[in-house]
Every structure is written in C-alpha cells, then in structure tokens.
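Chemist: Based on what follows, work out the 3D shape:
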Amino acid sequence: MTIVLIADTKEQLDIDTETLFALGRQGLCQLATLKHQQMDGLNTVLPYGVRKIDALRTLTTESVAVFMPFHVQEVSDKGGLYYGINAISRNLIICNKQDLLNPNAFRLGVPGGGKSMGAKAEIYQVACSTDDDILVCDPEGEYGALVEALGGQRIIVSAGSPHNINALDMVEGYGDSKDPIIDKSEFVLSLFEQLDHSRNLTIIEKGIIDHCLRNIYEKHKNGGALPTLSALQDELHAHKDKEAVGLAKSLELFAKGSLNVFSHPTNVDTKNRMVVYDILNLGSQLKTMGLLVIIDTMINRVATNWKLGKCTHIYIFFKKEIP
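Modeler: Numbers count the residues shown, from 1 in each chain. Down below sits the predicted model:
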C-alpha cells in the first residue's frame, strides 16, 4: 500500500511521518519513506491505474500472514489436552503428548507468569478426561488441595508427619534390570553415600550393604515382613564386622532416631490413582534422602503401571531457594 502524506511545513511533515510510523509499529506493519521517489509515489496513488513504484511488499502484517500456507503450525490432536492459544492464529492448542516422540516437557517463565496455574489446569484435565495415574512432587504445598478434591492422596513428607513411606518398598518388576535386588541395592548405596558427604563408601562397605540387603529381602520372600531401614540396621549389627557396625551407626538417626520417617511400614495409600508428595516442611537434613525415597516410590508406580499398560503422568516442581 502506498500512502501520500501532505503537510504545510517540512517540520509538520516530519512530525506527521513519525506519528504514522509509530501507528504502523503498533499494528506490526512496516512503513518506509520513498526517498527521491515522491513523484512516482504521487502518480501511483492517483486514479490513473498505473503503478510507478517497483518495490512490492506482500503479507507484511501478522494478521494477513496467517493465510500464508505453512506459515502457522496448528496443533489439534485427537484425544489431546488444552495447552494454550496459538500466538499467531489465536486458535486453541490441543496436544496429545502420548503421540509425541518425546512426551516430556518443561514449564518455564517469570514469577507470576502462570506456570502453576497452567500445571493445575493440566492435572485437572488429565484427572477428568483420562484414567491415567498422576504423581506430583510439591515443594510449595500448593497442589495437595486440588489432588484431594479430585479424590487423590496427599502425603506430607516431613520429620513430624504422621505419614510414613517405607524406603525399602519394592514391587514386582521394580527397576530396569532382571534382578530387582540389584536396583534396590544401588538405591540403598546412594542413600548411604548421602548420609555422610565427607567420605565415599569403600568396596568392602558396599559389599556388606549388598549382602545384608539381600538377606533381609530373602527373609521377606520366605514369608517375613517387608524390610525397613530398621531391619537393615539390625542386619548390619548382626554382621559384626567393624565396617558393618560403623554403617549401622551411621544409619541410626534415620532408622531409629528422630528422623526415622522413612523407616516405618508405609501407612498411606501410595497406590491411589493420584498422589501428591508435599515436601514443603521437609528439613535440610532429610531433603536429600526424602527426594531419593520419593523418586524411588515413583519408580515403583511406573514399573507397576508399565506392566499393566497404563500411562503415568509425573509432575516435579522446583523451588528456588532465596538466600
């Protein structure tokens, strides 16, 4: 489009031109001055039916560009969930993540940008429109009310919580290897390494832990109770080696001491379709162990659902620490 702008003075013309440019930028429209082509521009706009300006610009605004083939990627999958509005076409984005090559996603944005609200809306959609399981790790304590309202289980993970999760829980098919004890042994070794950051476990200590762990699970296989950290500590004491006694003492605080929240049989419904792990009041001493146990519990659920052919949605939220 060619526009002729007329003013009484050069100063007024410059002011009007800048104003027109500002209005064009607001509408995402690019304007340019026809330098040394003023006469050609005038002849172009007069009703002669002749175009004297050689330069052509097509689809210069965002609204017109919508009609350009392949310019806008629309997402409208069958059986999908609502994830927002297309910034160009303003159409709804309906995506079925199960059809994607990589169904994982991040939610990033400035504080107050709507990350939590969008996540809650997605959880609500998954809960109401599918039979999939939902697991949430909640560092702010803001998703428990929603999950409980939808019939889910809220688990408060802290030192003084009445809710207990057995760190040694293990379902059939646990882990990635053929022997689930191997995967559980790696998990327990990680726990011990987090108890004392000042040193690494020796090969002898790792062997003792693995041996004792196999012993307590063998007793469970023969009809005994599901093992706990207390049972593992007792087994380490029974080993009587100097290294085993040291390992048992390092486990004392978390097995039979004041931070023994993960050393009791599980007393909450971790098999509920929707579970939120509320770690708002998880202290610094329990934080690393607590996160390891929660992730291991989620692995248990995913392993069970995978055998059943059931989809699991896991939401892990991060809390920025303010110094």
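
Chemist: Okay, now the unreliable bits of the stretch 1-150 of the chain?
Modeler: The model of the stretch 1-150 of the chain has pLDDT under 70 over residues 55-71.

Chemist: Distance-wise, check residue 198 relative to residue 250.
Modeler: Residue 198 is 11 Å from residue 250, where distance means Cβ to Cβ, to the nearest Å. Yep, even glycine has a C-beta here, placed from its N, CA and C like the rest.

Chemist: Settle it for me: which of those two has more neighbours?
Modeler: residue 250 (16 against 4; other Cβ atoms under 10 Å).

Chemist: Could you measure from that one over to residue 244?
Modeler: Residue 250 sits 11 Å away from residue 244, going by Cβ to Cβ.

Chemist: again, but for residue 19
Modeler: Distance from residue 19 to residue 244, counting by Cβ to Cβ: 84 Å.

Chemist: Between these two, which has more neighbouring residues?
Modeler: Set side by side, residue 19 and residue 244 show more neighbours around residue 244, with 20 against 11, by other Cβ under 10 Å.

Chemist: elements contacting the helix or strand that contains the more buried one?
Modeler: Here residue 244, judged by DSSP states H and E, is contained in helix 242-250. For helix 242-250, the packing partners by 3 or more Cβ pairs under 8 Å, 6 or more residues apart in numbering; DSSP states H and E come out as helix 180-195, helix 203-221, helix 229-239.

Chemist: Could you say which of the ones you listed is packed most deeply?
Modeler: Neighbour counts (mean count of other Cβ atoms under 10 Å) averaged over each of these peak at helix 229-239, with a mean of 20.

Chemist: C-alpha coordinates for it, PDB please?
Modeler: The C-alpha trace of helix 229-239 is given here as PDB (Å, rounded to 0.1, in the frame of the first residue of the first chain):
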ATOM      1  CA  LEU A 229      15.700 -49.400  57.300                       C
ATOM      2  CA  SER A 230      15.400 -50.600  60.900                       C
ATOM      3  CA  ALA A 231      15.600 -54.200  59.700                       C
ATOM      4  CA  LEU A 232      18.600 -53.300  57.600                       C
ATOM      5  CA  GLN A 233      20.300 -51.700  60.600                       C
ATOM      6  CA  ASP A 234      19.700 -54.800  62.700                       C
ATOM      7  CA  GLU A 235      21.100 -57.000  59.900                       C
ATOM      8  CA  LEU A 236      24.200 -54.700  59.800                       C
ATOM      9  CA  HIS A 237      24.700 -55.100  63.500                       C
ATOM     10  CA  ALA A 238      24.300 -58.900  63.200                       C
ATOM     11  CA  HIS A 239      27.100 -58.900  60.600                       C
END
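
Chemist: Fine, thanks again, bye for now.
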